[in-house]
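In: The sequence and its predicted three-dimensional model are supplied below.
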Amino acid sequence: MPGLAGAETSIAGTWQAQSTPPGATWTAVLRVDGSKLTGAVSSCSSWEPHEIYETLIEGDTVTFKCKSGRSIVTFIGTVSGDHLDLAWDRQVPPYGNGLVGDIREDDSVEEKTAKMLFGPSAPRRLAAVRGPDAEDDLAQIAAKAAWTPAKPAPVPFERILHAEREPQNWLTYSGTLFGQRHSPLAQITPENVQKLELAWVWQARSQEKFEATPLVVDGVLYTVEAPSTVIAMDASTGQLLWTYAHTPPLNIVVCCGGVNRGLAIFDHTLFLGTLDAHLLAIDARTGRLLWDTVVANAFDPSCGGFICYSITLAPLIVKDKVIVGTAGGDPPLGFGIRAFVAALDANTGKEVWRFSTIPAPGEPGHDTWSGDSWKTGGAAIWNTGTYDPDLNLTYWGTGNPSPDFDGATRLGDNLYSSSVVALDADTGKLKWHYQFTPHDEMDWDAAQVPLLTNMEWQGEERKVMLFANRNGLMYTLDRKTGHLLTAKPFVEVNWMSGIDDQGRPIRIPRKEGTPVLPSSANNWYPPSYSPHTGLFYIPVSRAYNDPSQDGLVLALNPKTGEKKWEFTLPELPKRPIGSPCPCSTGVLTTASDLLFTGGQGRYFYALDARTGQLIWKASTGGPVQTGAISYSVNGKQYIAVPAGNTLFAFSLP
């Protein structure tokens, strides 16, 4: 790094600001460890010490950030001998109220003084001079920040392609490119799982739903604090390593909260999709932003002045490409989108190909939309896809057509909404599609992960896809051709009576005053498949039947759709009959035949994957919103799960 040798002697030390408001003081303790700047500051927007992050040294210039509450202050300083000239800027994330740090008439003198230092009316520059070495809490925080974490090796695509060879890591959203969310680890077993104890916890600042699935690479865990703050921490202790915060515009309109479902990694680069439809590349070692690509125009004219294009899913790495999809289609104010899947060069961020989930005029399937309804027909991409390297196909579930429940304005089947599409991973060309619900008027989007496995089918080895849809049916498809092998209800359905020879549902005419069942059999929550048991495990919502028993985990035989067992989540909150409820969330299985799941009841459970018997549970204090992961560090297996706004890691003593 340019100027590092000189910077080590000139920037390291204790700095005390001079040009501050009367009664205010500010001190920074900076350390240089190799090529990394660490340290702490005595005040960001309060008097408490705060660790710095997102640091950079270039010659005699230093850049760093600190965070207090919801305020983020960025500092840029130039060192000249024993003098440090600092310029600063304050930001408030979009989930703040915009008033953090503003001076109010009813503030105390101390509050006004603190806010003057980094408030709206404070001077934008500080002059600091070198002071004596600090020996207080500030110095201790700075020393702690200098702790050296594990240094992950680069993650080329070969590692992701064979992720099952690295059971200690969790290298992609679903664990592997097949989307099975199954861990080969077996240190934690049905016999000792009752001994599980809390290893560490990490508390997010955001009050948004914690839907991100972490990645773990060689002892470092990466996750996302909603809406778009990337966190790196030691996977064995929860020790924070660095953070990177992206601040989307304030006027974001999304249907389901300002959430994010996770990251992808390739070589030394993390990839983050944002609520304003950007894709960011971030150095996994330092948290430094490498590039920022606009995937979609979030302020498309069809959005009526609000943001309607967004990216909430975890990207997928295939070869040298990072693949994402745009969300939207049913936002609160009714603005639709024309969604797409896009592949970008993982090194440059340049778009390589794009597949629109709604055909344009002249393209096959365009005639399944009446009038101009195709322009804002939705078919969003809510969740991460999967990939078969032998076929070189990547698979993505698509969202419901827009408007959700009024099909009169969009007559026809509305391809490729509420479908799964198989795309050539090199070109984005459509290989095949299967539409679960033609002309969907029930918001039955195919937002689940298309899970891939190989199994014997009628005496022949087949490459299959398993898909449990919101319309209440579990499908097994040939993933080479898209041919339907079987489709069977896993909950009560009254909207169809079977499947015809073309693979289309045979509709039952709707009776006025009779609710359509299911209202929503599940949602985006990730399923699991265990090669050990041969069972397909799915989270299920059943709120319309019995408000006291509306969250389930089902174990299904993927060859027949028959139920092997079901587990009803206890401790669920009471809900009105007919109210759809995401009460059962994602599923993880392990090689020791354990299944981990959670739900709205604020508990995390371990079940016997063969029988569904409850073996262990732990209170999380907040609802579990996604699936757990498993990894190991130094030979110890961990189970990590987000719940509420906290990330929990459990291990054996």
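Out: Cool, the structure landed.
In: any idea how far residue 260 lies from residue 86?
Out: As for residue 260, its distance to residue 86 is 32 Å (criterion: Cβ to Cβ, to the nearest Å). To be clear about C-beta, it is placed using only N, CA and C from the backbone, and glycine gets the same treatment.
In: again but with residue 433, I slipped
Out: Remark: distance between residue 433 and residue 86 (Cβ to Cβ) = 56 Å.
In: Tell me which of the two has more neighbours.
Out: Set side by side, residue 433 and residue 86 show more neighbours around residue 86, with 20 against 17, by other Cβ atoms under 10 Å.
In: partners of the helix or strand harbouring that one, with directions?
Out: Taking DSSP states H and E as the criterion, residue 86 maps to strand 83-91. Applying DSSP bridges to the sheet, strand 83-91 is found paired with strand 71-80 (antiparallel), strand 125-131 (antiparallel).
In: mind checking which of the ones you listed is nearest residue 352?
Out: For residue 352, the closest of the strands paired with strand 83-91 is strand 71-80, at 33.1 Å, according to Cβ to Cβ.
In: Point to the residue nearest the middle of this protein.
Out: Closest residue to the average C-alpha location of the chain: residue 261 at 1.3 Å, with Cα atoms, centre = their mean.
In: So that residue sits against residue 314, correct?
Out: Yes - look at residue 261 against residue 314 with Cβ atoms under 8 Å: they come within range, at 5.0 Å.
In: Need the residues touching each of these two.
Out: Overlap of the contact sets of residue 261 and residue 314 (by Cβ atoms under 8 Å, 6 or more residues apart in numbering) consists of 173, 212-213, 384.
In: Where neighbours are concerned, which of those residues has the most?
Out: Counting neighbours by other Cβ under 10 Å, the top entry in those is residue 173, with 30 neighbours.
In: State the distance from that residue to residue 241.
Out: 21 Å.
In: For residue 613, list the residues it contacts.
Out: With Cβ under 8 Å, 6+ apart, residue 613 has these contacts: residue 607.
In: quick one: it from residue 446, how far?
Out: Going from residue 613 to residue 446 by Cβ to Cβ gives 31 Å.
In: again, but for residue 88
Out: In this view, residue 88 and residue 446 are 47 Å apart by Cβ to Cβ.
In: Helix, strand, or coil at residue 383?
Out: coil (DSSP: H, G, I helix; E, B strand; the rest coil).
In: hang on, isn't residue 288 packed against residue 270?
Out: No - the pair residue 288 / residue 270 is not scored as a contact, 10.6 Å apart, by Cβ under 8 Å.
In: Tell me which of the two has more neighbours.
Out: Shown here are residue 288 and residue 270; by other Cβ under 10 Å, residue 270 has more neighbours (25 against 15).
In: Residue 492 versus the more buried one, what's the distance?
Out: Distance from residue 270 to residue 492, by Cβ to Cβ: 43 Å.
In: of residue 88 and residue 446, who's got more company?
Out: Between residue 88 and residue 446, residue 446 has the larger neighbour count (other Cβ under 10 Å), namely 31 against 19.
In: what sits against that one?
Out: When contacts are counted by Cβ under 8 Å, 6+ apart, residue 446 touches 397-399, 418-420, 436, 467, 469-470.
In: Most neighbours of all the residues you listed, which one?
Out: For these, the largest number of neighbours (other Cβ under 10 Å) sits with residue 399, at 32 neighbours.
In: Surely residue 276 is within a strand?
Out: No - assessed by three-state DSSP, residue 276 does not belong to a strand; its assignment is coil.
In: Phi and psi next, for it.
Out: Taking degrees, to the nearest 10, you get phi -100, psi 20 for the backbone angles of residue 276.
In: wait, isn't it in contact with residue 310?
Out: Yes - here residue 276 reaches residue 310: they are 6.9 Å apart, a contact under Cβ under 8 Å.
In: Helices of the chain, residue ranges please.
Out: 4-10, 109-118, 137-145, 157-161 (DSSP state H).
In: ok so, going back, which residues are common contacts for residue 288 and residue 270?
Out: Contacts common to residue 288 and residue 270, judged by Cβ under 8 Å, 6+ apart, are residue 282.
In: what ranges do the strands span in the stretch 301-450 of the chain?
Out: All strands of the stretch 301-450 of the chain, identified by DSSP state E, counting those that start in this stretch, fall at 316-318, 321-325, 340-345, 351-356, 386-388, 393-397, 419-424, 430-435.
In: Buried residues, the strand holding residue 86. List them.
Out: Across strand 83-91, burial judged by 16 or more other Cβ atoms under 10 Å covers 84, 86, 88, 90-91.
In: Looking at those, which one is closest to residue 201?
Out: Lowest distance from residue 201 to those (Cβ to Cβ) belongs to residue 91, with 27.0 Å.
In: Read off the pLDDT value for the closest one.
Out: Looking at residue 91, its pLDDT is 65.
In: now swap in residue 561 and tell me
Out: Residue 561 is assigned a predicted lDDT (pLDDT) of 92.
In: okay, now it: neighbour count?
Out: The number of residues near residue 561, taken as other Cβ under 10 Å, comes to 18.
In: what's it in contact with, if anything?
Out: Going by Cβ under 8 Å, 6+ apart, residue 561 touches 474, 476, 486-490.
In: ok, residue 442 - how many residues close by?
Out: By the measure other Cβ under 10 Å, the count of residues near residue 442 is 18.
In: Name the nearest residue to it, ignoring sequence neighbours.
Out: Leaving aside its chain neighbours, residue 442 sits nearest to residue 516 (6.0 Å; criterion: Cβ to Cβ, 6 or more residues apart in numbering).
In: thinking the one you found is in contact with residue 495, fair?
Out: Yes - checked against Cβ under 8 Å, the pair residue 516 and residue 495 is within contact range at 5.3 Å.
In: what residues are shared contacts of these two?
Out: Counting by Cβ under 8 Å, 6+ apart, the residues touching both residue 516 and residue 495 are 442, 510.
In: any idea how far the residue nearest to the centre of the chain lies from residue 409?
Out: Counting by Cβ to Cβ, the gap between residue 261 and residue 409 amounts to 30 Å.
In: and if you look at residue 615?
Out: Per Cβ to Cβ, residue 615 is found 51 Å from residue 409.
In: Between the two, which has more neighbouring residues?
Out: Ranked by neighbour count (other Cβ under 10 Å), residue 615 and residue 409 place residue 615 first, with 17 against 14.
In: sorry, back to before: looking at the shared contacts of residue 261 and residue 314, which is nearest residue 249?
Out: Closest approach to residue 249 among these (Cβ to Cβ): residue 212, at 20.9 Å.
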